[in-house]
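Enquirer: sharing a model prediction with you, sequence too.
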Amino acid sequence: MNCLECAEAAKTTAAIAVCGRCGAGLCGTHLNEGGETLTVMAPIARQVPVEPLARRVRCGKCESAEKAQAAGRARGGRV
Ligand SMILES: [Zn+2]
Ligand SMILES: [Zn+2]
């Protein structure tokens, strides 16, 4: 698989990761790697975070969308 972002710029670069949201192939330049907190359910229907963080890989578009969603959530908007 090749990097989708590079392909859109008419370049061919081997993908080294895949966006966990949209499935786009990504090269080292275009991937956004971060940590994602996973949770377990504790009584009663309460989510508790677990360690360590899971790996999280997103393409540029999904990274922007998730940042916008987090910003909306921070403002108290309903998601
Ligand atoms: Zn790329
Ligand atoms: Zn994506």
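Expert: Thanks, I have the structure now. Ligands and ions are numbered 1, 2, ... in the order given.

Enquirer: count the neighbours of residue 70 for me.
Expert: 11 (other C-beta atoms under 10 Å). From N, CA and C alone the C-beta is placed, and that goes for glycine too.

Enquirer: would it count as being in a strand?
Expert: No - counting by DSSP: H, G, I helix; E, B strand; the rest coil, residue 70 is not part of a strand but helix.

Enquirer: for residue 64, see how far away it is.
Expert: Residue 70 is 11 Å from residue 64, where distance means C-beta to C-beta, to the nearest Å.

Enquirer: ok, now residue 26?
Expert: 14 Å.

Enquirer: quick check: which element contains residue 56?
Expert: strand 46-58 (DSSP states H and E).

Enquirer: near ligand 1 at all, that strand?
Expert: No - applying C-beta under 5 Å from the ion, one finds strand 46-58 out of contact with ligand 1, separated by at least 12.8 Å.

Enquirer: in that strand, what's buried?
Expert: For strand 46-58, a neighbour-count test (16 or more other C-beta atoms under 10 Å) marks 56, 57, 58 as buried.

Enquirer: nothing else from me, thank you.
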